[in-house]
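S.K.: Got a predicted structure plus its sequence, pasted below:
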Amino acid sequence: MRESPGKLRAWFEQRTGLESALRHFLDEDIPGSSGWHQVFGSVALFLFMVQAFTGVLLACNYAATPGDAYNSLQYIITEVTAGRLIHGLHHWGASMMIVVVALHMTQVFLYGGYKKPREATWMVGVVLLLLTLAFGLTGYLLPWDNRAYWGTVVSTQIAGQAPLVGPLMKHLMGTEGSVGVVTFARFYALHVLILPQLIVALIVFHIFLVRKHGAAPTAGDTGPTKKFFPEQVRKDVIAVFTAFVILYLMALFVSVPLERLADPTDLTYVPRPDWYFLFLFETLKFLKGSLEPVGSVLLPSLGVLALILTPFMDRGTLKKVTRRTTAIVAVALAAIAWGALTLAAIVTTPPEAQEQASIVPQGQGWNQFSPQELAGLGYFRQEKCEACHNLSEGPPKPGPNLATAREHRDSAWMVKHFKNPNQVVPGSNMPPIQLSDANLTALAAFMLKLSPENANDVASAPVSIVRGAQIYEAQGCGNCHMVNGAGSNMGPPLNGLARRHDRPWVEKHFANPAAMSPGSMMPPSQFSPADLKAIDDYLFSLPEA
Amino acid sequence: MEKGSEPAPEGLTQSRRGFGYTLIYGLGAIITAALGIPAALYLFLPSKARRDQSWVEAGDVSQLQPGVPEEMTFRRIHSDGWKIYSEKGTAWVVKTAEGKVIAFSPMCTHLDCAYHWDAGKSDFVCPCHGSEFSVDGSVLSGPAPRPLDRFETKLENARLWLGPVHPSNESSS
């Protein structure tokens, strides 16, 4: 290329006009009183761009259907390079955006920036706040974990209570029956298609209005104007950078809560909305029964209406910030009310994971298991459950950790789930387990015995002994014998057998019980040598009663 | 709003402005890099491979006739992104005259079409572009660039276990 950079630049400018457009944009005259208090709008815009950027990246590895959504998010966090960072930026960025939008509005409110001729700028800003909250609400469901699911159940129920429009809202959100695939699809469409277009259009309009009326001067500022660039831009960039550093550190060091896969049958779960909706959630505790729509619909609607109409309620001349007592009191009251309600909601959150530790009894080693439970361990190994599930800490696997399964499941649920995982947990990738009902029940019995405390011990149970327990179960030995407190007393209990007999005796006894113990009603058993060794190993491993 | 496109005043404010530019561009560049580099890694680097099941049992090879390949099927656990499948796998297994067992990956080394054994010709034939491989996997004709890929194998009491597939140019010395 022969042309010098200057010529190229001139060519580019002549053909596109972008340079002069940018120059025009940056050379805006702003009031001499502009300064640090006006950086929040730029920070909010920047955070929106971070959300858009990270959101698009997340969508590249995200499957937008319940179940798969959870798995793909877990994949993003644990397996995709930088995935945890991108997800962290998006998650904490959402919260940060709400904080910054609130700060931006508070600043404009305190300074009376909404006064004539900037009423429309303010009102568009209120709609932008609502859209930001709508992003938060719809995005909350997308991880499809228990937190997302139950939080959305509550928030859509609240919306469904609205007088007149409630049923309509339920149709719109696909929640007539319950939160499910339809709701998920609608929330996703809102979050990635509808809301972004709306918010971009309104941001453009908002900035256009800011440019049309100019940045708001403070009271009494009649002095000379200054240029937007570089003075104010530098302040904006420093503020943006500060916010970015905070966000980045949070994304790096504060892990994002991702709970268990959403489970509509889990009735032990205590739903919580995200922190910025907690105050509304708490309000409902005070307004019960027929008053509930007052808290869930009327008060929030009045609040929004008050915000929108603020420019028309306060039409006096502009005063210095420090003289705007009413505005300061209003902000202080709102902050106190919001803070108190949020704090109350946090303090009254029932601790979730605490009762778990105390219900684990001592002596839960595998040699204390009933034959059925130990046989279940055999099926657990046979079906290679550990290919997809962890029992203790370890590199993440696709399925949930099973050591805590017993805390929220029962045997019937488990057996149903084993037979048809996808039906019981929509979106589950787990293949059905092809075992008889009796064996599945044994597997469930084992799962109910499993806990984080005995997971390592269970893993050490010798193969042959576990096999012996399976044979014991298959032979129905428990119909007459007692092991570890399970079975019947018709025959002698088998704990402590090792003290009473040796292996040759027991083996001869299997072949011909009556010959070894005259009067025995036990039927003779024929075992293959391997099976005989296994059942011997099992019986001789039993602890003394 | 106000229009202003006069050139910036030169002179005293010059160094102050210069500092302003450096700060703006510097911080802007840091933010761009802090977002751009992870984004590039996120999109271009392969994800941490979730280990597929490393060894699978393919079946009994005691009945294999030397020099006659047999298609053996097995179930294996295969991961694809966030999905885990239990799927059917296939290998063409041949016992050599010396009793060694070789397991070929069932895909042609040209474009991954599934080939088959042509008993008449006594070689493997790919239906896509006509590549042919001898019973030891070497290319006889066609566009295939390298011999058939092989599974790592081990025998346990005449049961064949299959490990990872190695491209033939690496494994066949």
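M.R.: Perfect, I can see it now.

S.K.: Hmm, residue A:498 and residue A:542 touching each other?
M.R.: Yes. Under the criterion of CB atoms under 8 Å, residue A:542 makes contact with residue A:498 at 7.3 Å. Just so you know, the C-beta spots here come from the backbone N, C-alpha and C atoms, and that holds for glycine as well.

S.K.: Give me the more crowded residue out of those two.
M.R.: Neighbour comparison, residue A:542 and residue A:498: the larger count goes to residue A:542, with 21 against 16 (by other CB atoms under 10 Å in any protein chain shown).

S.K.: Neighbours of the closest residue in space to that one that isn't next to it in sequence, how many?
M.R.: The shortest distance from residue A:542 to any non-neighbouring residue, by CB to CB, 6 or more residues apart in numbering or on different chains, is to residue A:495 (5.0 Å). When neighbours are defined as other CB under 10 Å, residue A:495 has 17 of them.

S.K.: so how far is chain B from residue A:495?
M.R.: 36 Å (CB to the nearest CB, to the nearest Å).

S.K.: tell me the phi and psi of that residue?
M.R.: phi -60, psi 140 (degrees, to the nearest 10).

S.K.: do residue B:72 as well
M.R.: phi -110, psi 140.

S.K.: Repeat that for residue B:94.
M.R.: Main-chain torsions, residue B:94, degrees, to the nearest 10: phi -130, psi 140.

S.K.: Please name the residues that touch the residue lying closest to it once chain neighbours are set aside.
M.R.: Closest residue in space to residue B:94, ignoring its immediate chain neighbours: residue B:69 at 4.5 Å, by CB to CB, 6+ apart. For residue B:69, the contacting residues are B:92-94, B:104, B:117, B:124, B:135, by CB atoms under 8 Å, 6 or more residues apart in numbering or on different chains.

S.K.: what's the closest of those to chain A?
M.R.: When those are ranked by distance to chain A (CB to the nearest CB), residue B:93 comes first, at 23.1 Å.

S.K.: Spell out which parts of the stretch 1-150 of chain A neighbour chain B.
M.R.: Residues of the stretch 1-150 of chain A found near chain B (CB under 8 Å from any CB of the partner chain) are A:20, A:23-24, A:27-29, A:50, A:53-54, A:57, A:60-61, A:63, A:68, A:71-72, A:74-75, A:78-83, A:85-86, A:89.

S.K.: hang on, the earlier thing: so how far is chain A from the residue nearest to residue B:94?
M.R.: The gap separating residue B:69 from chain A is 29 Å, by CB to the nearest CB.

S.K.: sec struct for residue B:78, please.
M.R.: Recorded secondary structure, residue B:78: strand (DSSP: H, G, I helix; E, B strand; the rest coil).

S.K.: State the distance from it to residue A:5.
M.R.: Here the distance between residue B:78 and residue A:5 works out to 54 Å (CB to CB, to the nearest Å).

S.K.: between those two, who's got more neighbours?
M.R.: Neighbours per residue (other CB under 10 Å) separate residue B:78 from residue A:5, with residue B:78 holding more: 15 against 8.

S.K.: end to end, how far does stretch B:101-120 reach?
M.R.: For stretch B:101-120, the first-to-last residue distance is 22 Å (CA to CA, to the nearest Å).

S.K.: residue ranges of the strands in the stretch 201-350 of chain A, please?
M.R.: For the stretch 201-350 of chain A, the strands defined by DSSP state E, counting those that start in this stretch occupy A:226-227.

S.K.: Break down it into its helices, ranges please.
M.R.: With DSSP state H, counting those that start in this stretch as the criterion, the stretch 201-350 of chain A has helices at A:233-253, A:278-286, A:292-293, A:299-313, A:325-347.

S.K.: same check, this time on chain B
M.R.: For chain B, the helices defined by DSSP state H occupy B:13-44, B:168-171.

S.K.: Figure out which of the ones you listed is closest to chain A.
M.R.: Short answer: helix B:13-44, nearest of these by CB to the nearest CB, at 3.5 Å.

S.K.: buried set for that closest one?
M.R.: In terms of neighbour count (16 or more other CB atoms under 10 Å in any protein chain shown), helix B:13-44 has its buried residues at B:17, B:20, B:23-24, B:27, B:31, B:35, B:38-39, B:42.

S.K.: of those residues, closest to residue A:491?
M.R.: residue B:42 (64.0 Å; CB to CB).

S.K.: so who does that closest one touch?
M.R.: Contacts were defined as CB under 8 Å, 6+ apart; by that measure residue B:42 touches A:57, A:60-61, A:80-83, A:86.

S.K.: what's the closest non-adjacent residue to it?
M.R.: Counting by CB to CB, 6+ apart, residue A:82 is the residue found nearest to residue B:42 once chain neighbours are left out, at 4.4 Å.

S.K.: Now that neighbour: phi and psi?
M.R.: Phi and psi for residue A:82, reported as degrees, to the nearest 10, are phi 70, psi 10.

S.K.: Hmm, residue B:41 and it touching each other?
M.R.: Yes. Assessed by CB under 8 Å, residue A:82 is found in contact with residue B:41 at 4.6 Å.

S.K.: quick one, strands of chain B?
M.R.: B:56-60, B:70-80, B:83-95, B:101-104, B:116-118, B:123-125, B:132-133, B:139-141, B:150-156, B:159-166 (DSSP state E).

S.K.: Compare the ones you listed and give me the one nearest residue A:172.
M.R.: Nearest of the strands of chain B (CB to CB): strand B:83-95, 31.6 Å.
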